[in-house]
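**Q** Need coordinates for the following:
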Amino acid sequence: MIYEAYDCYKSILNIDPNYVKAYISLARNYYLDYKTEDSIKYLKKAIEMDENCVEAYEILGFIYQNISKKEEAIKYYKKAIEIDPNHFNTQFNLGLLYYQEQKYDEALTYFQKVIEINPKSPDSYNNIGLIYYDKDMITEALEYFKKALHVDPQYQQAHHNSAVIYLQEINPKFLESLINLGDICVKQNLLDEGIECFKKIIQIDPYSHYDQFQLALIYQKKYMNEEAVKAYKKVIKLNPQHTKAHINLAVIYSDQKMLDEAQNCYKKATKQIQIAIMLIIEMQKLIKINPKHIDSYLCLAILKTTQKSYDEAIACYQSILAIEENNIKALNNLGDVYILQNMFDEALDYFKKILLLDSSYYLAYFNLGIIYESKNMLEEALVYYKKTEEMNPKLISIFVRQGNVYSQKNMQSEAFECYNKVKDSDLNSLFEDDLFIQTDKIVEFIECYEKTIQLNPKYTQAFCNFIVLVFYWHTSPVLQIANSQFGFISKALLKFSRAQSQIFQLQYINPILLNVAALLTSISQALEKHSRAFSLIPLAEYMLPNPRQDYMKS
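**A** Sure, this is the predicted structure:
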């Protein structure tokens, strides 16, 4: 389709070489096709035709900003402002650029101008709050976060509603400001205000163990031990491997002289750390036995990602690609690791390569949608999300993602339509029919692997497959959205009960089985960031948005 568009625009220019809009449209398409130099060439040609073309200057500034040529970006942004001082996107992007350069006073000037242009821009109030926060001007930061919260009365009322009602009226910017406000309250020791903030956040997002933990921490600081214990127990229910929650709960029990309970919590915390370390050691042994065993590198990379050791995870995936340069799973997971670090341009390259290898790989389209949404390229995000839905209409998280994008575009009717596609009944049937269709065969698989290991203790694939069984349900997008939205983990554990009992019967065969059995009895922190990505809160929620590019229409 994009190549047909090129031909159309070039045909127009053959008829009228001075038609500026055709140059702009060509530039947009070249940029979306990752042909940056061609895009710049046609934008400069548009300026030759019309030296007062604000759109061309703005897009040039945006492109140079995204390829880290800051001086060039500033030059073109300022030229656009000289022509049109009330151009919203240009003022916003220039403020963002100065913020990234830590030139806070200049950034404030431009964001204040943005508010003059559009006094109902929650992003602008929120960004000013973040700038004051970075300048340690906490009072001023609080003031602007509160302004962001009150900019839209409809959403001011939404946090008083139930979580189900909120799904229909969600405003991610409201929650983003609320989280920033809560974090500031903690930093400034405004404990009562912090409690109120995190209570509201939990009402909106009851499955966020991060915010539950923050609430528990404040209760603990105020010596409200009864409330703190309840909150920490909720954290552990949501994420049984939350080590800090176990430790803090142990501290409270120790202070209350409840030594048995404290010792039990310390043991659980220690156990989670030991399990992760033991699994990593086992995977490293497998790699030593067979340095070209791809599944071993893959599992080790996932464990390293769980520990947020991103550089080591990347090294594992690079080792896979050195063995098999077109390994799609490694390319996809490598892109995911870069997304977790907000390195979106690096991630793009890997997902582009996947689509060149296999255009039917729907997760690549899904991840491209996440990247464009994170970069605030909402039209492009929708294109990739719709393509994902077309390829896999059972991926429930795609409806939530599309709803978020429509909500950010203030297209609430379309957002409601997407959110309403996520039904409890749909999730139940999908959970039964799709995710656990192979569960009954797990015991049979384990028996086969056990016999294989007995015959050949150095057979790396048999060892590795035990761990693959563990990660099977962690890496399922369906389970991630079900867990983050509806708390179906207990149901998952019931499904695995038969497999667990069989593992315990076999664990005397080899120490690695004990590790697997222990891990299956609790919820891993594996892919924690992905779970949040599938929640209703966008990625990079604590950070300033990426440059605006509302003009990039498909």
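
**Q** Break the chain into its domains for me.
**A** 2-157, 172-270 (automatic domain parsing).

**Q** Of these, which is nearest residue 348?
**A** Proximity to residue 348 (CB to CB) singles out domain 2-157 among the domains of the chain, at 7.7 Å. Where you see a C-beta, it was placed from the backbone N, CA and C, and this is true even at glycine.

**Q** Can you read off the backbone torsions of residue 326?
**A** Dihedral pair for residue 326: phi -110, psi 30, per degrees, to the nearest 10.

**Q** Let me see the contact set for the nearest residue in space to residue 245 that is not next to it in sequence.
**A** When the adjacent residues along the chain are set aside, residue 245 lies closest to residue 235, with 4.2 Å between them (CB to CB, 6 or more residues apart in numbering). Residues near residue 235 by CB atoms under 8 Å, 6 or more residues apart in numbering: 209, 212-213, 216, 242, 245.

**Q** Could you report the separation of residue 73 from residue 411?
**A** For residue 73, the distance to residue 411 equals 30 Å [CB to CB, to the nearest Å].

**Q** out of these two, which sits in the more crowded spot?
**A** Neighbour totals were compared for residue 73 and residue 411, and residue 73 leads with 22 against 16 (other CB atoms under 10 Å).

**Q** Pull up the gap between that one and residue 130, please.
**A** According to CB to CB, residue 73 and residue 130 sit 20 Å apart.

**Q** again, but for residue 106
**A** For residue 106 relative to residue 130 (CB to CB), the value is 15 Å.

**Q** who's in contact with the residue nearest to residue 38 when sequence neighbours are not counted?
**A** Distances taken as CB to CB, 6+ apart place residue 30 nearest to residue 38, at 4.1 Å, with adjacent residues excluded. When contacts are counted by CB under 8 Å, 6+ apart, residue 30 touches 36, 38-39, 42.

**Q** Now the buried members of those.
**A** Neighbour counting with 16 or more other CB atoms under 10 Å marks 38-39, 42 as buried within the contacts of residue 30.

**Q** Tell me which of these fall in helices.
**A** 38-39, 42 (DSSP state H).

**Q** of all the residues you listed, which comes closest to residue 94?
**A** Of all these, residue 94 sits closest to residue 39, with 20.0 Å by CB to CB.

**Q** residue contacts, the closest one?
**A** Taking CB under 8 Å, 6+ apart as the definition, contacts of residue 39 comprise 27-28, 30-31, 59, 63.

**Q** of all those residues, which comes closest to residue 302?
**A** Once CB to CB is applied, the member of these that ends up nearest residue 302 is residue 31, at 34.1 Å.

**Q** how many neighbours does residue 408 have?
**A** When neighbours are counted by other CB under 10 Å, residue 408 registers 19.

**Q** Return the distance of the residue lying closest to it once chain neighbours are set aside relative to residue 370.
**A** Of all residues not flanking residue 408 in the chain, residue 378 sits nearest, at 6.0 Å (CB to CB, 6+ apart). Distance, residue 378 to residue 370, using CB to CB: 12 Å.

**Q** Just the pLDDT for residue 460.
**A** Per-residue confidence at residue 460 stands at 43 (pLDDT).

**Q** How about residue 82?
**A** We note a pLDDT of 94 for residue 82 in this prediction.

**Q** Would you check how far apart it and residue 54 are?
**A** Note on residue 82: its distance to residue 54, by CB to CB, is 9 Å.

**Q** Comparing those two, which residue is more hemmed in?
**A** Per other CB under 10 Å, whichever of residue 82 and residue 54 has more neighbours is residue 54, with 17 against 11.

**Q** Test my guess that that one contacts residue 85.
**A** No: using CB atoms under 8 Å, residue 54 is not in contact with residue 85, being 10.4 Å away.

**Q** Okay, now the unreliable bits of the stretch 1-150 of the chain?
**A** The model of the stretch 1-150 of the chain has pLDDT under 70 over residues 1-16, 138-139, 142, 149-150.

**Q** can you pull out the strands in it?
**A** For the stretch 1-150 of the chain, applying DSSP state E, counting those that start in this stretch gives no strands.

**Q** Under the pLDDT cut-off, which ranges of the stretch 151-300 of the chain? List them.
**A** Applying pLDDT under 70 to the stretch 151-300 of the chain flags residues 152-190, 193-194, 197, 201, 204-205, 269-290, 293, 295-296.

**Q** Where do the helices of it begin and end?
**A** 153-158, 163-168, 172-187, 191-204, 209-221, 225-238, 243-255, 259-289, 294-306 (DSSP state H, counting those that start in this stretch).

**Q** State the distance from the closest residue to residue 144 other than its chain neighbours to residue 116.
**A** Excluding its sequence neighbours, the residue lying closest to residue 144 (CB to CB, 6+ apart) is residue 129, at 3.6 Å. Using CB to CB, residue 129 is found at 17 Å from residue 116.

**Q** between those two, which one's more packed in?
**A** residue 129 (26 against 11).

**Q** wait, isn't that one in contact with residue 148?
**A** Yes: between residue 129 and residue 148 there is a contact at 6.6 Å, judged by CB under 8 Å.

**Q** so who does residue 84 touch?
**A** By CB under 8 Å, 6+ apart, residue 84 lies in contact with 54, 90.

**Q** 37 is where my numbering starts, stick with that
**A** With the count now opening at 37, the last piece we talked about shows up as residue 120.

**Q** shaky segments in the stretch 437-586 of the chain?
**A** Within the stretch 437-586 of the chain, the stretches with pLDDT under 70 are 448, 452, 455-586.

**Q** Now do stretch 362-380, average pLDDT.
**A** Averaged across stretch 362-380, pLDDT comes to 87.

**Q** Can I get it in CSV, CA atoms only?
**A** Provided in CSV are the C-alpha atoms of stretch 362-380 (Å, rounded to 0.1, in the frame of the first residue of the first chain):
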residue,chain,number,x,y,z
ASN,A,362,17.1,-15.6,12.2
ASN,A,363,15.8,-17.0,15.4
ILE,A,364,12.4,-15.3,15.7
LYS,A,365,11.9,-15.9,19.4
ALA,A,366,15.3,-14.4,20.3
LEU,A,367,14.6,-11.4,18.0
ASN,A,368,11.2,-10.8,19.6
ASN,A,369,12.4,-11.2,23.2
LEU,A,370,15.4,-8.9,22.5
GLY,A,371,13.0,-6.3,21.2
ASP,A,372,11.0,-6.7,24.4
VAL,A,373,14.1,-6.1,26.6
TYR,A,374,14.8,-2.9,24.7
ILE,A,375,11.1,-1.8,25.3
LEU,A,376,11.5,-2.5,29.0
GLN,A,377,14.3,0.1,29.0
ASN,A,378,12.3,2.6,26.9
MET,A,379,14.9,2.1,24.0
PHE,A,380,12.2,2.1,21.4
